[in-house]
Structures are given as C-alpha cells and as structure tokens.
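# Quick one: sequence plus predicted model below, questions after.
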Amino acid sequence: MTQQDSKTHIVVGVLSVQGSFREHLDHLNVLFTDLNSAPEYSHYQFSARKVKQPKDLDGLSGIILVGGESTTMSLLLQHSGLFGPLAQLIQSGKVGVWGTCAGLILIANQVTNTKVDLGDCKFKVLGGLDVSIERNSFGRQVDSFTQVLSFQESSVRSFECVFIRAPVVTGILSEKPSVGTKSSVVAEVFEANNHSVEVLSEVEKDGKTLIVAVRQGHILGTSFHPELVQDYRFHKWFVDEFVLKRSIDA
Ligand SMILES: NC(=O)CC[C@H](N)C(=O)O
C-alpha cells in the first residue's frame, strides 16, 4: 500500500454550470497544493472537482455553489437532471455546503424579488438553509461595492468582501416557508436542518443593518464573493470547519 492509498481523500465539488466556478476552483487548487504538503494535514489528500452532472456528486465531502445568475443556474440544473440529486445532497447534511451570492439564493428555503415564471420553466431553489433571501438587495451591477467585514472566526477575522448585485438574508424561518407568491419561491424541504441559523456578518446600508453571512450546521451562506480576492482564508475556513469536521464526525 502506498502512502497515498492510506490517506483519506477529501474531494470538494464546485457547481460548474454557470458563474464564477473557475475562480473557486483556482482558489481551491492553490489551497490544496499547500494542504497536500502540510504536515498537519498529512492524513488527507485533497482535490477539487467540477460538478456538472449527477455522477459528479459521488464521493464528495463538500460542495460550493458559486455566484453568477441564480435563475440561469436553476434552469440549467433542472435541464441537466442535477437539481433533484443536488437538493438531496445539500439537505442530507452529509457534506459541507457553501453558497456564495447566487449560490446562497439557490440554497435558501425562501427567495423573494424574483421572476417566478421563466418562459416554459419555473424558477426553483434547492433549499437547505432556513432563511428568506431577497435578491438584488443592493441594486444593480453599477451599485457593486467592496467592504472589509469582521468575523468572529479567528482564522478569517477581517476580510475584504466583494458585493455584486448581492442578495441579503431578510429573515430566519422558524417553521416551513409558506407557499410562494408572485415574486417569491419556496424550496421543497424534505430533510429538516436541526441546527439554528447563526448570523456571521452584517453590513450597514442606508441606515439599515443587513445580514450578509450565515451558518446553519453544515451549511455556510455568504452574499459576497471570497473567490474574487487573492485571499484564501475563507476557503480554508470552509474546508476546516465544514468539510473536515463533518468527515471526522461522520
Ligand atoms: N453576483 C451574483 O451572484 C449575483 C446574483 C444575482 N443577482 C442573482 O440573482 O442570481
């Protein structure tokens, strides 16, 4: 048996149907090159994988849902047959899950400010996170901004956050979301997440305090794009806290 065989393989998937998947994969690849030669991670062999079809979900320890356009991603997921298996995996609690921006929209149990009917198709979200999300909360592309936010997590602490047509968390849902209305959709929830939702970060905008990062057990959601800055600490924290801890507990 070679040394490689005795290691636990940790594969982190990146949803790669649209959006900033290359940037996330680049971040993971840089991080994993470091971790694969770091003595404190010597029990593991890390790799990143594009997720485009259901078979790409096999054997994952974590998955990142990227920023981009949530409506487009939703339609592509429905057409590729990935929607159902991905929703099951996210809600199962078996892997660490991170949704960034459009990815956060897709993993919410309720989404507002959206066009529900898209031609012959419907906007559907995967669900998993007991929150209500409002799309495009800060306005249009030209209203994009960057802000340094502080996090309690010692390995992240202060981080430059890029917001591009970003969503915010407008509510924490204590029970099942009600039926979607004209401009809102609700996810099909088939696995309860027994953890409570923790608010990790907020921004002040026009006199309002807006929630931009949350955690619920195995799921992390951020309104901003950590893959667009040359800083790998958020990806490392996701791997340490959401991927490795789960694989040890499992
Ligand atoms: N940067 C982003 O991911 C933008 C999200 C986009 N506004 C959406 O609704 O999907």
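Okay, I see it.
# which SSE is Gln147 in?
strand 145-150 (DSSP states H and E).
# Pairing partners for the next helix or strand after that strand, with directions?
Later in the chain than strand 145-150, the nearest helix or strand by DSSP H and E is strand 158-163. Partners of strand 158-163 in the sheet, by DSSP bridges, are strand 145-150 (antiparallel).
# avg pLDDT for the strand it pairs with?
Averaging pLDDT along strand 145-150 gives 93.
# ok, residues contacting that strand?
By C-beta atoms under 8 Å, 6 or more residues apart in numbering, the surrounding residues in contact with strand 145-150 are 138, 157-163, 201, 203, 212-213, 224. (C-beta placed from N, C-alpha, C; glycine too.)
# related to what we said a few turns ago, list the buried residues in the strand holding Gln147.
Leu149 (16 or more other C-beta atoms under 10 Å).
# Need the CA coordinates for that strand. PDB is fine.
The C-alpha trace of strand 145-150 is given here as PDB (Å, rounded to 0.1, in the frame of the first residue of the first chain):
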ATOM      1  CA  PHE A 145     -19.100  47.600  -3.800                       C
ATOM      2  CA  THR A 146     -16.300  46.200  -1.600                       C
ATOM      3  CA  GLN A 147     -16.200  46.400   2.200                       C
ATOM      4  CA  VAL A 148     -13.900  45.000   4.800                       C
ATOM      5  CA  LEU A 149     -16.000  43.000   7.300                       C
ATOM      6  CA  SER A 150     -15.000  41.400  10.600                       C
END
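# low-confidence ranges in the protein?
Regions of the chain meeting the criterion pLDDT under 70 cover residues 1-4, 175-181, 246-250.
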